[in-house]
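Engineer: Mind looking at a prediction? Sequence and model below.
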Amino acid sequence: MKSENNWTDELTWRCAACDRPLELGQVTVTYMDNSFTTEMPRCAQCGSVLVPEALALGKMAEVEKILEDK
Amino acid sequence: MSESVMTPSEKLYESKALRTVTGPAIRPGGMVLTERALAFCALPPGTQVLDVGCGSGATVAHLRQAHGLETAGLDLSRQLLSEGRALSDCSMLIQGRAEAIPIADRRFMAVFCECVLSLLTTPEAALAEWHRVLAPGGYLILSDLYDRSGHADGRLFQALARICLEGAVGRRTLHERMERAGFEVLLFEDHTPLLTQLAAQLVWTHGSLEAFWSAVGGGCGKRQAGGGRLGYYLMVACKGADAHG
């Protein structure tokens, strides 16, 4: 799983809508009425968040399965 | 207690990996079910209360400060009790076993035991002991893991199966044990979503369940065989048949 302390690659991205570089910021992820807060790359202007594939397929997927009790 | 005789459950409760997620009330939902039970029992200020498995005393402090209850706490862990005593005047925090409470008979009007019973090796002895220290008509307030069986293994069960789950019995067994110990069950509610939220939060915080279990020493290393489906309940019972209502 990707280390969340290393966002070097993601922080080279720019927001397609605002054309601004992404910055690390506190993000609240909500799924099935459960909220989790973490630091992720986001656009400071519009708030769009970049979710890396490793995160989506890693702990995000595991958390979803637990909440769905699958 | 020395490190060499600590059980996996004690290691789990003392671990920062768990307490980082739960906060000082080391159980699913924190004070949510404590408050639910208090609303049901309507204990007046000044009532004598015991919290069995009090850890560092978060619930003891809450019951005293928010509800004016004369609360004492009992725990096996010297580490957690020491942490609690360092934070406040906690002369009411006592070291001891849930099955051998060093307090006189009929002392309390309520005994809280949250997320502890299923970890005890002799739950019947513990129930008898709590019955002993309760006054007639006193309340026993339990929240704990239980087996919602009859279904295939769910992800939640797999997630937490490394806690020693032999003690997570079904609802019928729970009720039978309560009756044998001399309690009348007044309330039983399923609160499994609180357990689910805790499991999900552990994964979110530690990255994976493997990382969490590694951080707390691997759990008990045994997985319960069979088709259990883990749940979490709140139960309120009373000593005697006519204490409520």
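Structural biologist: Noted; the coordinates are in hand.

Engineer: ok, now how distant is the residue nearest to the spatial centre of chain A from A:Gly58?
Structural biologist: The centroid of chain A falls nearest to A:Val51 when counting by Cα atoms, centre = their mean (3.8 Å). A:Val51 sits 11 Å away from A:Gly58, going by Cβ to Cβ, to the nearest Å. Just so you know, the C-beta spots here come from the backbone N, C-alpha and C atoms, and that holds for glycine as well.

Engineer: now swap in B:Ser208 and tell me
Structural biologist: 7 Å.

Engineer: and what of B:Gln95?
Structural biologist: From B:Gln95 to A:Gly58 the distance is 41 Å (Cβ to Cβ).

Engineer: need the residues of chain A near chain B, please.
Structural biologist: Counting by Cβ under 8 Å from any Cβ of the partner chain, chain A comes close to chain B at A:1, A:4, A:34, A:36, A:38, A:58-59, A:62-63, A:65-70.

Engineer: Let me see the ranges of the strands in chain A.
Structural biologist: Assigned by DSSP state E, the strands in chain A fall at A:23-31, A:34-42.

Engineer: so of these, which one's packed in deepest?
Structural biologist: strand A:34-42 (a mean of 16; mean count of other Cβ atoms under 10 Å in any protein chain shown).

Engineer: what's next to that strand, contact-wise?
Structural biologist: Applying Cβ atoms under 8 Å, 6 or more residues apart in numbering or on different chains, the contact partners of strand A:34-42 are A:4, A:7, A:10-11, A:13, A:22-30, A:48-51, A:55, A:63, A:67, B:197, B:200-201, B:204.

Engineer: let's see 6 Å
Structural biologist: Residues from elsewhere that reach strand A:34-42, judged by Cβ atoms under 6 Å, 6 or more residues apart in numbering or on different chains: A:7, A:10-11, A:22, A:24-29, A:49-50, A:67, B:197, B:200, B:204.

Engineer: Please go through chain B and pick out the longest helix.
Structural biologist: helix B:192-206 (DSSP state H).

Engineer: quick one, helices of the chain?
Structural biologist: You didn't say which chain, so I picked chain A. Going by DSSP H, chain A shows helices at A:53-57, A:59-68.

Engineer: that's the wrong chain, I meant chain B
Structural biologist: Applying DSSP H to chain B gives helices spanning B:8-14, B:16-22, B:32-41, B:58-67, B:78-87, B:123-133, B:155-160, B:171-180, B:192-206, B:209-215.

Engineer: neighbouring contacts of the lengthiest strand in chain B?
Structural biologist: The single longest strand within chain B, with elements called by DSSP E, is strand B:134-147. Identification of contacts with strand B:134-147 by Cβ under 6 Å, 6+ apart yields B:33, B:37, B:41, B:106, B:108-115, B:117-118, B:130, B:168-170, B:183, B:228, B:231, B:233-240, B:243.

Engineer: Select, out of the helices of chain B, the one closest to B:Val49.
Structural biologist: helix B:58-67 (5.9 Å; Cβ to Cβ).

Engineer: Deepest in the core, which of the helices of chain A is it.
Structural biologist: helix A:59-68 (a mean of 19).

Engineer: ok, now how distant is the closest residue in space to B:Arg85 that isn't next to it in sequence from B:Ile101?
Structural biologist: Spatially, and ignoring its direct neighbours in sequence, B:Arg85 is nearest to B:Leu93 (6.0 Å; Cβ to Cβ, 6 or more residues apart in numbering or on different chains). Distance of B:Leu93 to B:Ile101, given as Cβ to Cβ: 13 Å.

Engineer: neighbour count winner among the two?
Structural biologist: B:Leu93 (25 against 21; other Cβ atoms under 10 Å in any protein chain shown).

Engineer: check contacts around the more buried one.
Structural biologist: So B:Leu93 contacts B:57, B:73, B:81, B:84-85 (Cβ under 6 Å, 6+ apart).

Engineer: who does it bridge with?
Structural biologist: Assessed by DSSP bridges, B:Leu93 has beta-bridge partners B:Gly73.

Engineer: Could you tell me how far stretch A:38-47 lies from the centre of the chain?
Structural biologist: Put simply, stretch A:38-47 sits 8 Å off its chain's centre (Cα atoms, centre = their mean, to the nearest Å).

Engineer: cool, stretch B:130-148 as well?
Structural biologist: For stretch B:130-148, the distance to the chain centre is 10 Å (Cα atoms, centre = their mean).

Engineer: Now it: buried residues?
Structural biologist: Residues B:130-135, B:138-148 are the ones in stretch B:130-148 that count as buried (16 or more other Cβ atoms under 10 Å in any protein chain shown).

Engineer: Output the below-cut-off pLDDT ranges for chain A.
Structural biologist: A:1-5, A:70 (pLDDT under 70).
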